[in-house]
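Visitor: coordinates only, sequence not included:
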């Protein structure tokens with residue numbers, strides 16, 4: 001979320017936007033609080049919120065999730081668990097949720 005309160009969602013594919021729209025919905029209904037952090041640094045709430053967003057993304061396009069590097073393979077949306085989200089690694093072997101965002105995910 002930008003300093004002016006505008007929520008910015010970015011993605012490269014329709015599946016990415018399904019994932020981000022899930023967070024937008026979570027914010028609108030009060031399930032999550034978006035933390036101001038700049039256009040590319042919005043921090044989401046907890047592992048459960050990320051799990052639900054990845055589950056929605058999977059239901060839209062399974063291959064957009066099955067190729068992600070987590071601790072186990074995904075064959076069904078129910079395979080997407082909090083611990084799977086926590087185990088995700090990017091191309092450099094780092095967790096996308098490390099640092100302050102990651103700490104927020106762990107505390108809630």
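Guide: Noted; the coordinates are in hand. All values reported here derive from a predicted model rather than from experimental measurement. Residues are numbered from 1 along each chain as shown.
Visitor: in the protein, which spans are helices?
Guide: 14-28, 47-60, 63-66, 82-87, 99-107 (DSSP state H).
Visitor: Name the nearest residue to the residue most central in space within the chain, ignoring sequence neighbours.
Guide: Among the residues of the chain, the one closest to the centroid is residue 50, at 3.9 Å (C-alpha atoms, centre = their mean). On the basis of C-beta to C-beta, 6 or more residues apart in numbering, the spatially nearest residue to residue 50 that is not a chain neighbour turns out to be residue 85, at 4.7 Å. Just so you know, the C-beta spots here come from the backbone N, C-alpha and C atoms, and that holds for glycine as well.
Visitor: Kindly report the same for residue 7.
Guide: Closest to residue 7 by C-beta to C-beta, 6+ apart is residue 1, at 5.3 Å.
Visitor: and what of residue 84?
Guide: Using C-beta to C-beta, 6+ apart, the closest residue to residue 84 is residue 70 (4.5 Å).
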